[in-house]
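>>> Test case, fold it:
(one chain, ligands or ions: 2)
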Amino acid sequence: MSRRQGDAVIDVTELTVRFDDVLALDSVSLSVDAGEFVTVVGPSGCGKTTLLRSVGGLQSPTAGEVRVDGDPPESAQAAGDLGVVFQSHTLFPWKTALENVTFLRELAGRDPDRDRARERLVAAGLGGAVDAYPRELSGGMCQRVAIVRAMHLGASTLLMDEPFGELDELTRYDMAASVLDSWRDSDRTVLFVTHSVPEAVLLGDRVIVMADDPGRIVDRVSVSVPRPREEATMDTPAFADQVADIRRVLRQNRTEDTHPDR
Ligand SMILES: Nc1ncnc2c1ncn2[C@@H]1O[C@H](COP(=O)(O)OP(=O)(O)OP(=O)(O)O)[C@@H](O)[C@H]1O
Ligand SMILES: [Mg+2]
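Numbering: from 1, shown residues only. Ligands and ions are numbered 1, 2, ... in the order given. Coordinates of the predicted model:
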């Protein structure tokens with residue numbers, strides 16, 4: 001394994017993003033090490049997607065700086081070193097599930113490896129959907145194709161924005177287990193947004209806790225629950241304690257919505 005433990009892959013320094021009168025991110029700093037799995041939780045509208053889009057080079061900062069592997073994120077994106085799963089799936093509608101999965105590798109100049117792509121789709125419970133178009137699939141199935149696509153790209157850094165939002169409870173756990181397996185078997189760095197505190201604790205080495213108005217980081221929690229973590233881990237007292245601690249921080253920082261027009 002070539003994990004360069006201690007090297008920062010993602011470096012966000014005093015990042016501020018303003019949309020008109022909304023301060024989506026207010027001087028956010030975050031460093032993610034090579035091979036680290038960092039999860040992000042926070043209320044709706046606290047800037048999680050804006051943070052991920054900034055790290056992915058899709059959102060320009062108002063102030064501050066983002067570096068991925070020491071360079072502006074656009075360089076990593078162009079080199080196929082950044083895999084991104086958005087909150088909505090963004091599949092290409094004119095391509096089948098299999099073609100969607102292989103296309104990003106082709107764009108990055110890599111072997112599309114159709115056989116492996118097919119295997120990954122089958123493993124994600126999509127064996128019957130390999131040749132289907134997105135319009136023929138449910139929202140949750142499209143989301144799974146998008147996750148498989150990001151894994152298949154083989155990028156060293158993975159940005160995932162609520163990738164399991166549309167999945168049912170059991171499929172959600174299966175996909176989380178497959179993301180964890182793939183992360184463990186690679187030297188991948190993951191930044192993962194979720195609304196679910198238990199999911200953040202199950203997956204993360206660290207949990208970044210955000211608050212809104214303005215969007216900011218209010219806590220960084222090292223997850224002490226040992227790995228490997230599996231479904232039964234969620235029934236342990238250590239897991240429950242950590243979830244309760246994070247929920248407490250979220251509650252303490254909850255703002256009343258004084259902006260009814262927002
Ligand atoms: N392109 C944009 N133009 C104007 N305002 C925006 C834009 N993108 C985001 N915002 C605003 O910035 C704030 C943060 O939005 P963001 O989508 O990052 O939140 P979030 O934490 O991802 O929320 P959710 O959990 O609902 O996905 C919100 O107030 C949102 O309305
Ligand atoms: Mg979002």
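
>>> show me where pLDDT drops low in the stretch 151-262 of the chain?
Scanning the stretch 151-262 of the chain with the threshold set as pLDDT under 70 gives 256-262.

>>> How about the residues of this structure by ligand 2?
Residues of the chain lying close to ligand 2 (CB under 5 Å from the ion) are 48-49. Glycine gets a C-beta too; all of them are placed from N, C-alpha and C.

>>> tell me the centre residue of the chain?
The residue lying closest to the centre of the chain (CA atoms, centre = their mean) is M160, at 1.9 Å.

>>> was I right about that residue contacting Q87?
No. Counting by CB atoms under 8 Å, M160 stays clear of Q87, with 9.6 Å between them.

>>> now stretch 25-34: mean pLDDT?
Here stretch 25-34 scores 97 as its mean pLDDT.

>>> Any buried residues in it, and which?
By 16 or more other CB atoms under 10 Å, the buried positions in stretch 25-34 come out as 25-26, 28, 30, 32-34.

>>> near ligand 1, which residues of the protein?
Contact residues (CB under 6 Å from any ligand atom) of the chain with ligand 1: 19, 22, 24, 42, 44-50, 87, 215.

>>> Filter the residues you listed down to the buried ones.
22, 24, 42, 45-50, 87, 215.

>>> Kindly reformat the residues you listed as JSON lines containing secondary structure.
JSON lines is the format used below for these (DSSP: H, G, I helix; E, B strand; the rest coil):
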{"residue": "V22", "secondary structure": "strand"}
{"residue": "A24", "secondary structure": "strand"}
{"residue": "G42", "secondary structure": "coil"}
{"residue": "G45", "secondary structure": "coil"}
{"residue": "C46", "secondary structure": "coil"}
{"residue": "G47", "secondary structure": "coil"}
{"residue": "K48", "secondary structure": "helix"}
{"residue": "T49", "secondary structure": "helix"}
{"residue": "T50", "secondary structure": "helix"}
{"residue": "Q87", "secondary structure": "coil"}
{"residue": "G215", "secondary structure": "coil"}
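
>>> Now for those: which two are most distant?
Using CB to CB, the pair of these lying farthest apart is V22 and Q87, separated by 17.8 Å.
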